[in-house]
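Engineer: model the following, please.
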Amino acid sequence: GAPKTYFKEEIGTTVISVRELLTEPCLVFPLITDIHYKSVTAAPQIFDTSIINMQNVVKQIACDFVLDLGDNIGGYTDQTESRKRVDHMMNQFRTLHLPLISAIGNHDTNYYHNSDDMFSLSEMFGLYISSTKDVVYNHAMSGTDYYKDFDNLNIRLVVLNGSYGDRYKYSTETVNWFINTALDTDKMVILAVHFSIINTQNYNHTGDKTNGDMMAAAITDFINNGGTLIQLCGHSHIDYAYTSPWLTVYSSAAMFENVDLTTSRYTKLQGYTGNLVAPKREVGTVTEDCWSVVVVRPQARKINFVRFGAGEDREFSF
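Structural biologist: This next block holds a predicted model:
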């Protein structure tokens, strides 16, 4: 589709910024998170516009896939309406002609409408993941955990479902599969999850455990034995990062909102690197939209987030 006039320059500068980073074989992918499609009626529904903007970027850059870190919907409606929203979004993602890598977010379970209306694991697989091919699934979680290897770059992309049953908690089946199967590799690991396995890194955390302690210990052993792991998260709706105990990068929500960083859900976050940044959003400007093109540069040991719309470009070493 044709982009709105005020996005055309942003499309051009985003493409230029990404191309300048491609000085070695790289993993390249758009990253979008926390779309919450149609869950906030007072704000513009920006997702369809995001897809048009993304179409115009990815047709000029060779990308490996598109990464969606979850909370596609609000989960505030009955299953029939939620399914309509998800089906529309999946059809929109298909217009990018890229493999879709999708992590389950807490709202994607449809828990927020009624716990009795919650999607089963197999229903979530069908809605969000079934079109994702050439991956290794965790069948104990109906395929809602999976990994994909990029042998030419020596990278394994691991996607975990941390949002089934107890919200914000990884299941025993996920923990065991991650430790015994997904992390059993000599490749660099990119862990794509809705929220960090270290719960205190997540906004709105209550101090409850994510059931991630065993996974954290396994990651520590993996790193101590020479491995590299980067964790990519959504959930918190803002930009911030942790450089220890391993690199963890959070990305702002695609949904249109202006976040108040003085609320307790943010003030109790500690230990992050740099600042918590909530990009200012304004209707009728490029800041309507908010997603990134991620470039992983294994030889330079850098990961870049080239921001489209609201927010700034970011670079981290690993």
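
Engineer: what ranges do the strands span in this protein?
Structural biologist: Using DSSP state E, the strands found in the chain span residues 27-32, 66-68, 100-102, 136-137, 146-150, 155-159, 188-192, 229-233, 239-242, 247-250, 273-277, 290-297, 302-309, 314-317.

Engineer: count the neighbours of Lys8 for me.
Structural biologist: Number of residues near Lys8 (other C-beta atoms under 10 Å) recorded here: 14. C-betas here are computed from N, CA, C, even on glycine.

Engineer: can you read off the pLDDT for it?
Structural biologist: Lys8 carries a pLDDT value of 98.

Engineer: pretty sure Pro279 is touching His237, no?
Structural biologist: No. With contact defined as C-beta atoms under 8 Å, Pro279 and His237 do not form a contacting pair (10.1 Å).

Engineer: quick one on the thing from earlier: in TSV: the strands of the chain, plus mean neighbour count, distance to Gln45 and mean pLDDT.
Structural biologist: Rendered in TSV, the data for these read as follows (neighbours: other C-beta atoms under 10 Å; distance: least, C-beta to C-beta, whole Å; pLDDT from 0 to 100):
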stretch	mean neighbour count	distance to Gln45	mean pLDDT
strand 27-32	22	14	99
strand 66-68	26	16	98
strand 100-102	22	19	98
strand 136-137	16	32	98
strand 146-150	20	29	98
strand 155-159	25	26	99
strand 188-192	24	25	98
strand 229-233	23	24	98
strand 239-242	22	22	98
strand 247-250	23	23	98
strand 273-277	14	24	96
strand 290-297	25	14	98
strand 302-309	22	15	98
strand 314-317	14	26	98
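
Engineer: of these, which is nearest Leu21?
Structural biologist: Distances from Leu21 to each of the strands of the chain were compared using C-beta to C-beta; the minimum, 4.6 Å, belongs to strand 290-297.

Engineer: what about the closest one, distance to the chain center?
Structural biologist: Centre-to-centre, strand 290-297 and its host chain are 11 Å apart (C-alpha atoms, centre = their mean, to the nearest Å).

Engineer: how far off strand 155-159 does that strand point, in degrees?
Structural biologist: Regarding strand 290-297 and strand 155-159, their directions subtend 150 degrees when assessed with axes from the mean of the first three to the mean of the last three C-alpha atoms, to 10 degrees.

Engineer: paired strands for strand 290-297, with orientation please.
Structural biologist: strand 27-32 (antiparallel), strand 302-309 (antiparallel) (DSSP bridges).

Engineer: possible to save those as a markdown table with distance to Leu269?
Structural biologist: Putting these into a markdown table (distance: least, C-beta to C-beta, whole Å) gives the following:
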| stretch | distance to Leu269 |
| --- | --- |
| strand 27-32 | 21 |
| strand 302-309 | 19 |
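
Engineer: for Leu100, see how far away Glu309 is.
Structural biologist: Actually, residue 309 is Gly rather than Glu. The span separating Gly309 from Leu100 equals 20 Å under the rule C-beta to C-beta, to the nearest Å.

Engineer: how about Asn258?
Structural biologist: If you measure Asn258 against Leu100 using C-beta to C-beta, the figure is 28 Å.

Engineer: got any ranges where the protein has weak pLDDT?
Structural biologist: Low-confidence regions of the chain, defined by pLDDT under 70, span residues 165-167, 206-208.

Engineer: that one: helices as residue ranges?
Structural biologist: All helices of the chain, identified by DSSP state H, fall at 8-21, 47-58, 79-94, 121-124, 172-177, 213-224, 264-267.

Engineer: buried residues, the fourth one. List them.
Structural biologist: Of all the residues in helix 121-124, those buried under the rule 16 or more other C-beta atoms under 10 Å are 121, 124.

Engineer: chain center to it: distance?
Structural biologist: Per C-alpha atoms, centre = their mean, the centroid offset for helix 121-124 relative to its chain is 19 Å.

Engineer: then the last one?
Structural biologist: The gap between the average C-alpha position of helix 264-267 and the chain average comes to 21 Å, counting by C-alpha atoms, centre = their mean.

Engineer: how about residues contacting that helix?
Structural biologist: Outside of helix 264-267, the residues that reach it under the criterion C-beta atoms under 8 Å, 6 or more residues apart in numbering are 203-204, 236, 238, 259-261, 276.

Engineer: which one of the strands paired with strand 290-297 lies closest to Asn91?
Structural biologist: strand 27-32 (15.4 Å).

Engineer: thinking again about what came up before, of the contacts of helix 264-267, buried ones?
Structural biologist: Neighbour-count burial within the contacts of helix 264-267 applies to 203, 236, 238, 259, 276; the criterion is 16+ other C-beta under 10 Å.
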